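[1] sharing a sequence plus its predicted fold:
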Amino acid sequence: MKKNAWCEIEGFPELMLGQYVVPNFVSNSVAVHDGDGNWTLLSPGASLLRDWKTRFADKAASVNLVMPNHYHYMGVASWLEAYPDARLFASRQAIGRLGKLGIHGISALESSLPALPDAYRFYFPPGHRAGDVWLCKLGGKGVWITCDSFLNYARLSNQPLARLLQKMLGAAPGLKMSQVVKWFILTDRRAFKAWAMDHLEQCPPALLIPGHGEPERGDDLAERLNDLLEHRL
């Protein structure tokens, strides 16, 4: 994928994916439109704003910005400057920390929702220190958009320090659950594992979009996610 540009996701016309680098790692922004010109963006990267305005500025009836945990906020100020009427959303757990960072006027996703297409729902996995939010599509072609819970880097980083950290933490290459998640992001591994495995059974994905790395597909995707949860937690 070309960095700092938006692309379509084959088979999912309601989704757009943009990638940016912060600081040495590929990060993902996901845009979801409801068919009526309303866009909801998760983890909006500042460097993706220029391409967005070129392609979608005249097509957006409204823009909603979702911070899927209290770490994924860095591009929000730039997007608010461009779209001052945009609404901000996060989980209740994340809102407190985001307020200390100077980000105010955030609606809690547990009680107030942005416009979404049918079958898309927000979920709040337990045991997450940062107040993670997942956006999932229910049904035969299920989608998981999972923030920091999973990683899927195609290769190890070219940056020596980043490469070393990836090796030490088991964060790349391929579909992974990093040791950072296990030891530093999760506060209750058992609760998260039980919830995620039940969610996997109820809503098996055909597409996974992690917060960092590449989207992942495959008929065996649910099985591979189950193996990660079983053996990494």
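    All right, it came through fine.

[2] residue furthest from the geometric center of this structure?
    Of all residues in the chain, P160 has its C-alpha farthest from the mean position, at 25.8 Å, by C-alpha atoms, centre = their mean.

[3] quick one: average confidence on the helix or strand hosting A196?
    Per DSSP states H and E, A196 falls inside helix 189-202. For helix 189-202, the mean per-residue pLDDT is 95.

[4] neighbouring contacts of that helix?
    123, 125-128, 136, 149, 182, 186, 222, 225-226, 229-230, 233 (C-beta atoms under 8 Å, 6 or more residues apart in numbering). For every residue, glycine as well, the C-beta is placed using N, CA and C.

[5] before we move on, what about stretch 212-231?
    1, 9, 17, 25-28, 148, 150-154, 172, 175-177, 193, 196-197, 200, 204-210.

[6] where in this protein is pLDDT low?
    Scanning the chain for pLDDT under 70 picks out the ranges 23-24, 155-158, 161-172.

[7] middle-most residue in it, spatially?
    Closest-to-mean residue, the chain, C-alpha atoms, centre = their mean: C147 / 3.3 Å.

[8] please report phi then psi for that one.
    The phi/psi pair for C147 (degrees, to the nearest 10) reads phi 50, psi -120.

[9] tell me the contacts of it?
    L42, S43, P68, N69, H72, D132, V133, W134, P210, G211 are the contacts of C147 under C-beta under 8 Å, 6+ apart.

[10] off-centre distance for the longest strand seen in the chain?
    Criterion DSSP state E: the longest strand present in the chain is strand 12-21. Put simply, strand 12-21 sits 10 Å off its chain's centre (C-alpha atoms, centre = their mean, to the nearest Å).

[11] C-terminal to that strand, what's the next element?
    strand 26-33.

[12] how far off strand 12-21 does that next one point, in degrees?
    With axes from the mean of the first three to the mean of the last three C-alpha atoms, to 10 degrees defining the directions, strand 26-33 sits at 150 degrees from strand 12-21.
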